[in-house]
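J.: One predicted model, sequence on top.
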Amino acid sequence: MARKAKSTKPAGATSKAPKKRLHSELENDDPNQQQTILPPEPCTPTKQTGGRSGAEVEYSAKKTRKRTSAPTTAPALRSPGLLSRSSHANTLSSRGLPPKAQKVIRENEADHQVENMLCANIPEILQQARPHDEARSELAVATSERICADLEWRISKDPNQRVLRLRKRAKGKQPDTATGATNDDSKLAALLNSMGIAAANESSAELEGKLAAEFSEFQPWVFLSASSGKQNERQSYPWIQHFHLYIAHLVRHYLGSVQYGENSATASPRLLLPYKRTDTKYKGSDDDTRADIGLVSRSVGANVAMVDGSAYYNEVFAVTEVKASSGPLRAASTADSGIDTSQLDGDTKQAFKQLFLYSRQVFAEQPDRRFMWGITICDNHIRACILTSSGALASHEMDITTAKGRCDYIQLLVNWCLCDWHQLGFDPSVRYCEDERGNGYWEIDVPQMATGDAGMESAGSRYETQTYTITGASVAADHLFGRHTRCFVAMPKQSTGNQGKVLIKDSWSYLGRHQVQERSGELGEIAFLTKINQMVDEHPEFAGTVPRLEDGGIVRLDVNGHLAIDSVETVLGDLCRHLPKHSSDYAYTHVRLAMTPVGTRLRELRSVAELVVVISDALQAHKAVLDHCQILHRDISENNIMFTRSGNNIHGMLIDFDNAVDANAARNRSGPVCTGTLPFMSVNNLRKAKVARTAVDDMESILYLLIWLGVWGITTEHRKQTHDKETQLIEWNMDVGMAIRNKCYAMSSKSNLDILLSEFYTPPMSELGSTLQAEDNGIVTDYKALKHIIEAMRKMIFDNPNVPGNAKGTTIRVGNTKAPAETGHHDNANTVMQAIELILPGKENKPEPVDSFEERADLEIARRIHEDVVRLLRACADQIRSMS
């Protein structure tokens, strides 16, 4: 057996959940007040109960969560969730979208993902869970063969099987029974004896009674092909649950005494048990989606029973989506490739769609999730699915009514019970622990800075980590595909108070599969921050306006004794060839950074004046980074501008260079690129214009952000009053076409912009009376002054007197035909969109069109606009600071 680091958890110890979930310090009413689950004074950790790097241990149901009154419920192996998420509809970027609209958007997105991000009918998927350790792999094969033999023996003795045989013989078909089905376990017993393992201390009669009871419950499922008519999916819930309990009984019987020493690198076996509640909303969900069946991990010595009480996304291992029927599935065109989803029937597509919706909740609620397993069951057809940052792959159909299908699925379940923790999709470098008092907390390992080129790790560099204790969380990875960015507030493990507090960013960067640097020119956020920090050292006036990288690098995992880069390619291996076409040359790589200072989100600002100061600082940082480092940010949003407060002084900070690009490389890029956050994306970005992104795109994003904040309110109190507000800004977040039309119309003239600004939040008179009033130059701190700033920015970007005429306005010119955007309201916006569609990528246009948006991508024009906008906001901020 492989060896592992020594575990400090005493035998027989149980886990204890944190007394409260860990909230972000950025969500408190007082931004200077930090919420934490750390003990009041430093304590030496004595237990590691997450099971990611130490031996998995049995959790006490009473101490993990008050979810059951039955003391026999299996103890949990998962800890309580780290994040406490508010409803997604309440976050600022989703304002204007009622829950129903948000649900429609997510469902449409899931439909698109099933069509474009899924490849099915790949039998090799099942081998991804095969234990890496040779001895454990042999044990998994022997155990699954023994379970299959037991099941086939029971089926062969069942009266229903004899009826099914007669029907098949009458049709000229061979009966489907496993050859040599027997109830003899001598082969597995011999293997266990050779490994020094004894079966569980359970009498044969007691075990037989349990197995017979479970078999009688799921018996109709394995004989489903002999039934007539379409089955109701609810009818199959108990069949599926009891099938998994049957497997769990035998796993516990044969592997219940398998224990690996403190120096073993492999965790002890586990059971996979179903929740008792089916078709239910899971705790931690931010919508009303109801999952069918969830499987949770428990220690191998746990009592085999359904997990009673509420279901939780923060502990579920895999979610199962059940449908009543499954249509025929055509075979793959070649043995080397899967099939596209056009060959899947409607119910099967719907099952995958629901699975995708559940999975985004799991990623959001489990801070140590790298990838996820899922299951779809349509009538008697089972598919396993592995969901990664780059795409999803699904297995072939496993027909539960055939011996081959049953054995394939049993082999997968046994592999899941025996494989390493990281093969289940968990991250061993993020651990749930307890101190000596039983207080729960999370630890995370951050790679230390390497000495390679531009701060990136070289292939042969020594891998060392710094362990941090997480004290808060601010960003959850609530998307299925993509970067899966998570942000945590943390401190070095041995520090006290706020000493050494950092922001840890954990994400999957879109790096080239065969090289560290991106083929398109992006160096990666580590290299960018290294270069930016060097700039700050030379220009200290920008200190605190951009993050300082303290530690960081590519995360690596111990894979069967070998240190491997954690990437989608490491997870899938040769199966990467099945990923969607747009992912064929790229795969996400796991990167983790520790940065200072720890900022506070814009939602904690106290006035418009503070907003203007913060935005000005962020813009000056944006310009300095572009001028001195040739790095273009490309993702301005309300999440990527933060602030720090020291007494009465406030400073803005531009963060998140994950989407940044080398500006020189960007200008040489061929093909359209679309990056950013939908409500704040520039028009060129939204329509994927075939021109390089420039500072003008980011200035547009700043303008849209200020409008967004002005409509919904700056402070937390103001936002509470606009929660259900009806506004045309809903179009910015609903659809790309709607966003383009509305932005083009609103930015075309001052009068059109005024229509949008009329929706601004109006503070109560008592508040207006206490704020600074308008000056002659329009520099004030209330919402009226913010309108003046926005109007000035619109003019500088879209109607700047210092740029050529072709670069002004929001019109699209095709030959000598002009499509105006300056008259009418939403009706004329359709005319603008029709003109815009003429120059969308893939359209043929004769003669070649010229439009003002593309003209503004000229480097010199972009530089002038950039300087004018930065100068405007800096003047406003200087005036506000002088008056404070």
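T.: All right, it came through fine.
J.: Quick one: name whatever helix or strand follows the lowest-mean-pLDDT helix or strand in the chain.
T.: Across the helices and strands of the chain, mean pLDDT, DSSP states H and E gives its lowest value to helix 61-64, namely a mean of 30. Note on helix 61-64: by DSSP states H and E, the next helix or strand toward the C-terminus is helix 99-116.
J.: quick one: low-confidence ranges for the stretch 551-700 of the chain?
T.: 581-587, 666-674 (pLDDT under 70).
J.: Low-confidence regions, the stretch 301-450 of the chain specifically.
T.: 326-344, 450.
J.: can you give me the helices for it?
T.: 346-365, 403-418 (DSSP state H, counting those that start in this stretch).
J.: Buried residues in the shortest one, which are they?
T.: Right, helix 403-418. 403, 405-418 (16 or more other C-beta atoms under 10 Å). Just so you know, the C-beta spots here come from the backbone N, C-alpha and C atoms, and that holds for glycine as well.
J.: now stretch 573-582
T.: Going by 16+ other C-beta under 10 Å, stretch 573-582 has these buried residues: 575-576, 578-580.
J.: Columns distance to Arg693 and secondary structure on top of the residues you listed, output as a markdown table?
T.: Shown next, in a markdown table, are the buried residues of stretch 573-582 (distance: C-beta to C-beta, whole Å; DSSP: H, G, I helix; E, B strand; the rest coil):
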| residue | distance to Arg693 | secondary structure |
| --- | --- | --- |
| Leu575 | 33 | helix |
| Cys576 | 29 | helix |
| His578 | 32 | helix |
| Leu579 | 26 | coil |
| Pro580 | 24 | coil |
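J.: With respect to Glu550, which of these is nearest?
T.: Cys576 (32.6 Å; C-beta to C-beta).
J.: Surely Ala140 is in a helix?
T.: Yes: under DSSP: H, G, I helix; E, B strand; the rest coil, Ala140 sits within a helix.
J.: Number the residues from 235 up from this point.
T.: Done: numbering now begins at 235, and the last item shifts to Ala374.
J.: Verify the stated contact: Ser502 with Arg532.
T.: No: judged on C-beta atoms under 8 Å, Ser502 makes no contact with Arg532 at a distance of 11.3 Å.
J.: Each with direction, which strands does the host helix or strand of Ser708 pair with?
T.: Here Ser708, judged by DSSP H and E, is contained in strand 699-709. Paired strands of strand 699-709, with direction, are strand 674-681 (antiparallel), strand 720-726 (antiparallel) (DSSP bridges).
J.: Distance to Asp1102 added to those, as CSV?
T.: Output for the strands paired with strand 699-709, formatted as CSV (distance: least, C-beta to C-beta, whole Å):
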stretch, distance to Asp1102
strand 674-681, 40
strand 720-726, 33
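J.: Make CSV out of these and add distance to Asp613 and mean neighbour count.
T.: Below are the strands paired with strand 699-709 laid out as CSV (distance: least, C-beta to C-beta, whole Å; neighbours: other C-beta atoms under 10 Å):
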stretch, distance to Asp613, mean neighbour count
strand 674-681, 41, 23
strand 720-726, 38, 23
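J.: so which of the ones you listed gets nearest Ala618?
T.: strand 720-726 (25.7 Å).
J.: could you say what helices and strands whichever helix or strand comes after the closest one packs with?
T.: Counting by DSSP H and E, the next helix or strand C-terminal to strand 720-726 is strand 736-746. The helices and strands touching strand 736-746, judged by 3 or more C-beta pairs under 8 Å, 6 or more residues apart in numbering; DSSP states H and E, are strand 674-681, strand 699-709, strand 720-726, strand 820-830.
J.: Put together CSV for these, with distance to Trp966 on each row.
T.: Formatted as CSV, the helices and strands packed on strand 736-746 follow (distance: least, C-beta to C-beta, whole Å):
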stretch, distance to Trp966
strand 674-681, 35
strand 699-709, 21
strand 720-726, 24
strand 820-830, 28
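J.: So which residues of the stretch 385-534 of the chain form helices?
T.: According to DSSP H, counting those that start in this stretch, the helices that the stretch 385-534 of the chain contains are 393-404, 420-428, 438-456, 467-489.
J.: ok, now how distant is the nearest residue to Ile481 once chain neighbours are set aside from Pro503?
T.: Once flanking residues are discounted, Ile481 sits nearest to Leu647: 5.2 Å by C-beta to C-beta, 6 or more residues apart in numbering. Leu647 sits 12 Å away from Pro503, taking C-beta to C-beta, to the nearest Å as the criterion.
J.: Also Gly639?
T.: Gly639 is 24 Å from Pro503, by C-beta to C-beta.
J.: Tell me how many other residues surround Arg696.
T.: 9 (other C-beta atoms under 10 Å).
J.: Is it in a helix, a strand, or coil?
T.: Applying three-state DSSP: Arg696 is coil.
J.: Mean pLDDT lowest where, among the helices of the stretch 385-534 of the chain?
T.: Lowest mean pLDDT within these: helix 393-404, a mean of 54.
J.: which one is Tyr697 nearest to, not counting chain neighbours?
T.: Arg790 (5.3 Å).
J.: so the one you found bridges to which residues?
T.: With DSSP bridges as the rule, Arg790 is bridged to Ile799.
J.: circling back: show me which residues of the strand holding Ser708 are buried.
T.: 699-700, 702-709.
J.: what's the angle from it to strand 820-830?
T.: 90 degrees (axes from the mean of the first three to the mean of the last three C-alpha atoms, to 10 degrees).
J.: tell me the mean pLDDT for strand 699-709?
T.: Averaged over strand 699-709, pLDDT sits at 89.
J.: got the CA coordinates for it in CSV?
T.: What follows is strand 699-709 as a C-alpha-only set of coordinates in CSV (Å, rounded to 0.1, in the frame of the first residue of the first chain):
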residue,chain,number,x,y,z
THR,A,699,3.5,25.5,0.3
GLN,A,700,2.4,27.9,3.1
THR,A,701,-0.6,26.8,5.2
TYR,A,702,-3.2,29.4,5.9
THR,A,703,-6.2,29.3,8.2
ILE,A,704,-9.4,30.6,6.5
THR,A,705,-11.3,33.2,8.4
GLY,A,706,-13.9,34.3,5.9
ALA,A,707,-15.1,33.8,2.3
SER,A,708,-16.2,36.4,-0.2
VAL,A,709,-16.6,34.7,-3.6
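J.: Can you say which of the helices and strands packed on strand 736-746 is nearest to Ser992?
T.: Per C-beta to C-beta, nearest to Ser992 of the helices and strands packed on strand 736-746: strand 699-709, 33.2 Å.
J.: how many degrees apart are that closest one and strand 736-746 in direction?
T.: Orientation check (the same axes, to 10 degrees): strand 699-709 against strand 736-746 gives 90 degrees.
J.: before we move on, back to that, from the buried residues of stretch 807-816, which is closest to His713?
T.: Pro814 (15.8 Å).
J.: For that closest one, give me its contacts.
T.: 350-351, 353, 624-625 (C-beta atoms under 8 Å, 6 or more residues apart in numbering).
J.: just checking, what packs against the helix or strand encompassing Ala1096?
T.: Using DSSP H and E, Ala1096 sits in helix 1093-1117. Packing partners of helix 1093-1117 (3+ C-beta pairs under 8 Å, 6+ apart): helix 842-863, helix 929-946, helix 1017-1032.
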